[in-house]
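Participant: Return a 3D structure for these sequence lines:
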Amino acid sequence: MTRSFFRALFRTGCVAGACALAPSLAFAHTGVGPTQGFAHGFMHPVSGIDHILAMVTVGVFAWQLGGRALWAVPAAFVAVMALGGALGMAGIGLPFVELGIALSVVVLGAVVALGVKPPLAAAMGLVGLMAIFHGHAHGAEMPENAGGLVYGLGFMVGTALLHLAGIGIGFAIGLLGDRFGAVWVRAAGAAVCASGVALVLGAL
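Facilitator: The predicted structure is shown next:
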């Protein structure tokens, strides 16, 4: 399962990257090296508490569902986020982006806290809906002197690593056993949900 997960995530990331970064030739900027552009993109998701909470919780949610969801749910998030990033890079507006990001933290936390286990397609659709807001924020905030290709690759890699961290947290909690593990993972989901509410209210 582990090998197939990484292979599938890699393939999906490559495809999503191609989709998201197609406008990079038209919107690329000069003056910054590839390494700097990648670093800017990488740091965007890992330096914002809203992005971190949502993306790590996607990983925990995937672990909670198990099976194919372990790779399909994070892959769906990365793929749709890449499309959202392309919209942001192209300057195409999306309403209520910040609110959508905050609400994604609320919803993901609630789903994990309540132990909701929807069908795989529904789970992928749910995280995909939220991912477009995160992706648009990444793309819209691309530095003027960064190229779209390396910047987009950076935020995709950063996101994928946060998903992997969430999956790892899920497996670590699972070591506590069925009874205590479920309590801890749901408590973590509740804490994320509460943080999301604070983000919505502007208190965090």
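Participant: Report the central residue of this structure.
Facilitator: M55 (4.0 Å; Cα atoms, centre = their mean).
Participant: show me what contacts that one?
Facilitator: The contact partners of M55, by Cβ atoms under 8 Å, 6 or more residues apart in numbering, come to 45, 77, 134, 159, 162-163, 166. Using the backbone N, CA and C atoms, a C-beta is placed for each residue, glycine as well.
Participant: of all those, which two lie farthest apart?
Facilitator: Pairwise distances across the contacts of M55 peak at 14.1 Å for H134 and G166 (criterion: Cβ to Cβ).
Participant: Mind exporting the C-alpha coordinates of the helix or strand where V80 lies to PDB?
Facilitator: Here V80 sits within helix 69-89, counting by DSSP states H and E. Extracted in PDB, the C-alpha atoms of helix 69-89 (Å, rounded to 0.1, in the frame of the first residue of the first chain):
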ATOM      1  CA  ALA A  69      -8.400   7.100   0.400                       C
ATOM      2  CA  LEU A  70      -5.000   7.200   1.900                       C
ATOM      3  CA  TRP A  71      -3.500   8.400  -1.400                       C
ATOM      4  CA  ALA A  72      -6.700   9.500  -3.300                       C
ATOM      5  CA  VAL A  73      -7.900  12.100  -0.900                       C
ATOM      6  CA  PRO A  74      -4.500  14.000  -0.600                       C
ATOM      7  CA  ALA A  75      -4.000  13.600  -4.300                       C
ATOM      8  CA  ALA A  76      -7.400  15.200  -5.100                       C
ATOM      9  CA  PHE A  77      -6.600  18.100  -2.800                       C
ATOM     10  CA  VAL A  78      -3.200  18.700  -4.500                       C
ATOM     11  CA  ALA A  79      -4.700  18.400  -8.000                       C
ATOM     12  CA  VAL A  80      -7.600  20.800  -7.400                       C
ATOM     13  CA  MET A  81      -5.400  23.200  -5.500                       C
ATOM     14  CA  ALA A  82      -3.100  23.300  -8.500                       C
ATOM     15  CA  LEU A  83      -6.000  24.400 -10.700                       C
ATOM     16  CA  GLY A  84      -6.900  27.000  -8.100                       C
ATOM     17  CA  GLY A  85      -3.300  28.200  -8.200                       C
ATOM     18  CA  ALA A  86      -3.500  28.600 -11.900                       C
ATOM     19  CA  LEU A  87      -6.600  30.800 -11.600                       C
ATOM     20  CA  GLY A  88      -4.800  32.900  -9.000                       C
ATOM     21  CA  MET A  89      -1.700  33.200 -11.200                       C
END
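Participant: mind checking the longest helix of this structure?
Facilitator: If you go by DSSP state H, the chain has its longest helix at helix 148-174.
Participant: Which elements pack onto it?
Facilitator: helix 2-20, helix 24-27, helix 34-46, helix 49-65, helix 69-89, helix 120-140, helix 178-201 (3 or more Cβ pairs under 8 Å, 6 or more residues apart in numbering; DSSP states H and E).
Participant: mean pLDDT lowest for which of those helices?
Facilitator: Least confident of the helices and strands packed on helix 148-174, judged by mean pLDDT, is helix 24-27 with a mean of 32.
Participant: Same list (the helices and strands packed on helix 148-174) but as CSV, adding distance to L103.
Facilitator: Shown next, in CSV, are the helices and strands packed on helix 148-174 (distance: least, Cβ to Cβ, whole Å):
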stretch, distance to L103
helix 2-20, 23
helix 24-27, 28
helix 34-46, 17
helix 49-65, 10
helix 69-89, 15
helix 120-140, 8
helix 178-201, 7
